[in-house]
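S.K.: Sequence unavailable; structure follows:
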């Protein structure tokens, strides 16, 4: 009740700040030797249900699952027939460790995407207090102020969250494979980067273009799910993060 009154009477602004990792939906995690490791703020059983809900949303069919009182393992397959292994370990009554590995050598971008989906489903399953809902309703109805959402620098630049390793930028597009393919071409046309080579298969595609300075731009697309596509961008031999980020932003804008 006190929280409701506070929310109803206090004037001010609601500020939501998110860093690059939070913007990607995955939050903090460690990625070592092909395996992503993170802690979920959720009980073991809720984390288990969230894993299944996330895999169902991603259209990754489960091929194996094992669960006991303290540990659980779920194995699934991507549309590209990559093995996805998710292990859960009970840490406390309200915390669960999750470990994700894609394929034999790992795939950080896809692992991060899966983690984001699991966390989102776990949050959806979290019990919600009616007092908090009532207080928020009063706040939105009566409080003067503004809603400010702050994102990280990558999102501000239009590229969103991405990984840049050894000259290659890697990100996940929330778009079907064919739409991502068309968006790449539209972005390169807008940038006046003529395409010199292109190859496209049902699950992967490559587009090679040239900048005005005659730098080679290589864009690779990999189908992850029916609604998600991985994009990898390399400029020149050693990479150019700023230009790769700019190209990614253009591609996302064309989706």
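M.R.: Structure received. Keep in mind it's a predicted model, so treat the numbers as computed, not measured.

S.K.: Show me the helices in the protein, by range?
M.R.: Assigned by DSSP state H, the chain shows helices spanning 2-9, 20-23, 44-57, 108-125, 130-142, 153-156, 177-190, 241-254.

S.K.: what's around the closest residue to residue 181 other than its chain neighbours, how many residues?
M.R.: Counting by Cβ to Cβ, 6 or more residues apart in numbering, residue 205 is the residue found nearest to residue 181 once chain neighbours are left out, at 5.6 Å. Using the backbone N, CA and C atoms, a C-beta is placed for each residue, glycine as well. Residue 205 has 21 neighbours, counted by other Cβ atoms under 10 Å.

S.K.: Residue 205 reaches residue 221, doesn't it?
M.R.: Yes. Counting by Cβ atoms under 8 Å, residue 205 touches residue 221, with 4.4 Å between them.

S.K.: what touches both of the two?
M.R.: 177, 181 (Cβ atoms under 8 Å, 6 or more residues apart in numbering).

S.K.: quick one: low-confidence ranges for the chain?
M.R.: Scanning the chain for pLDDT under 70 picks out the ranges 1-27, 127-160.

S.K.: Regarding residue 201, what are the backbone dihedral angles?
M.R.: With angles defined as degrees, to the nearest 10, residue 201 sits at phi -120, psi 180.

S.K.: so what's residue 92 bridging to?
M.R.: Beta-bridge pairing of residue 92 under DSSP bridges involves residue 95.

S.K.: distance of it from residue 253?
M.R.: Going from residue 92 to residue 253 by Cβ to Cβ, to the nearest Å gives 43 Å.

S.K.: More neighbours: which of those two?
M.R.: Ranked by neighbour count (other Cβ under 10 Å), residue 92 and residue 253 place residue 253 first, with 13 against 9.

S.K.: buried stuff in stretch 236-243?
M.R.: Residues of stretch 236-243 classed as buried by neighbour count (16 or more other Cβ atoms under 10 Å): 236, 239-240, 243.

S.K.: again, but for stretch 80-97
M.R.: 80, 82, 84, 86-90, 96-97.

S.K.: And the residue nearest to residue 181, how far from residue 184?
M.R.: Distance, residue 205 to residue 184, by Cβ to Cβ: 8 Å.

S.K.: Now do the shared contacts for the two.
M.R.: Shared contacts of residue 205 and residue 184, defined by Cβ under 8 Å, 6+ apart, comprise residue 221.

S.K.: gap between residue 81 and residue 105?
M.R.: Distance, residue 81 to residue 105, using Cβ to Cβ: 15 Å.

S.K.: now the residue nearest to residue 69 when sequence neighbours are not counted: how far from residue 38?
M.R.: Take residue 69 and drop its neighbours on the chain: the residue closest to it by Cβ to Cβ, 6+ apart is residue 90, 7.5 Å away. Distance, residue 90 to residue 38, using Cβ to Cβ: 15 Å.
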